[in-house]
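Student: with the input below, show me the fold.
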Amino acid sequence: MEWYLAVLLFAVSSVITPGPNNIMIMSSGLNFGIRRSIPHFLGILVGLSLMVASVGLGMASLFKAAPQLHPVIQIVGVIYLLYFAWLVATSEDSDIDTSCKKAISFTQAVVFQWVNPKAWVIATGAIAAFTTAESQIALQVTYIASAFALASIPCLGTWLFCGSFLSRHLKQPKFRQFFNRTMAGLLVISIVPIIVELAIEFFKVII
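Tutor: Numbering: from 1, shown residues only. Down below sits the predicted model:
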């Protein structure tokens, strides 16, 4: 029980801190409301838990065998996040309720976890910190994944409700536009360390 509580505390502290998932779900809550953001919310919850389980049960060994795959996934993730930040920053208040502006689907949110830099850090960190060779790895990984599922409910929910709450107070287009651009900026800032890391690795290769 003490071990599981430690894992749960780690999961809560990891999931609730600002990152791509939180910023995106908060923006979704503002622009689309809680009900239309539920698939996005559930997709993050399920996707992150599955990713933690997959890393623990074998994905980490795959990247050890083919390390060149990891930067490729990072690059794809950075490109997607920059594109999403641009969509958020350039969205107009009048566009939000049109059919061409849709909240992220459950499947999209699940798949996104595999190109989310923070999700990789969380998953690998949790598996490295809380698994031991002396016990059954599969059982440990299952418990760790379940802890992330439990932690995601209140943590992501807080960000989602904050976005929905703000929507009631940002009725004027200029304020909503300011919020969207601020969220887009924070999203870009959250991936700057990954961009720097990729740049350093690139220059190491070519020098």
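
Student: contacts, neighbours, all on C-alpha from now
Tutor: Noted.

Student: I'd say V55 and T124 touch.
Tutor: Yes: counting by CA atoms under 8 Å, T124 is a contact partner of V55 at 6.7 Å.

Student: show me which of the two is the more surrounded one.
Tutor: V55 (19 against 16; other CA atoms under 10 Å).

Student: and the more buried one, what does it touch?
Tutor: The neighbours of V55, taking CA atoms under 8 Å, 6 or more residues apart in numbering as the test, are A123, T124, I127.

Student: which element is the second one on?
Tutor: It refers to T124. helix 117-130 (DSSP states H and E).

Student: centre of the chain versus that helix, how much separation?
Tutor: Going by CA atoms, centre = their mean, to the nearest Å, the spacing between the C-alpha centre of helix 117-130 and its chain's C-alpha centre is 12 Å.

Student: buried residues in it?
Tutor: Burial within helix 117-130, assessed by neighbour count using 16 or more other CA atoms under 10 Å, is assigned to P117, K118, A119, W120, I122, A123, T124, A126, I127.

Student: same question, stretch 126-145
Tutor: Quick answer for stretch 126-145 (16+ other CA under 10 Å): A126, I127, T131, Q140, V141, T142, Y143, I144, A145.

Student: so how far is P193 from K204?
Tutor: Using CA to CA, to the nearest Å, we find K204 at a distance of 17 Å from P193.

Student: between those two, who's got more neighbours?
Tutor: A count of neighbours by other CA under 10 Å puts P193 above the other of K204 and P193, at 12 against 9.

Student: now the angle between helix 117-130 and the helix or strand containing that one, please.
Tutor: Per DSSP H and E: P193 is located in helix 173-206. With axes from the mean of the first three to the mean of the last three CA atoms, to 10 degrees defining the directions, helix 173-206 sits at 60 degrees from helix 117-130.

Student: from the contact counts, what lies against helix 173-206?
Tutor: Packing partners of helix 173-206 (3 or more CA pairs under 8 Å, 6 or more residues apart in numbering; DSSP states H and E): helix 20-54, helix 69-90.

Student: now do that helix, average pLDDT.
Tutor: Throughout helix 173-206, pLDDT has a mean value of 75.

Student: that one vs helix 20-54, what angle?
Tutor: Taking the same axes, to 10 degrees, helix 173-206 and helix 20-54 form an angle of 50 degrees between their directions.

Student: centre of the chain to helix 173-206, how far?
Tutor: Here the centre of helix 173-206 is set off from its chain's centre by 14 Å, with CA atoms, centre = their mean.

Student: buried ones in whichever helix or strand W3 is part of, by neighbour count?
Tutor: In the assignment (DSSP H and E), W3 maps to helix 2-16. Buried residues in helix 2-16, counting neighbours by 16+ other CA under 10 Å, are found at V7, L8, F10, A11, V12, S14, V15, I16.

Student: my guess is the fifth one contacts T158. True?
Tutor: The one in question is V12. No: using CA under 8 Å, V12 makes no contact with T158, being 11.8 Å away.
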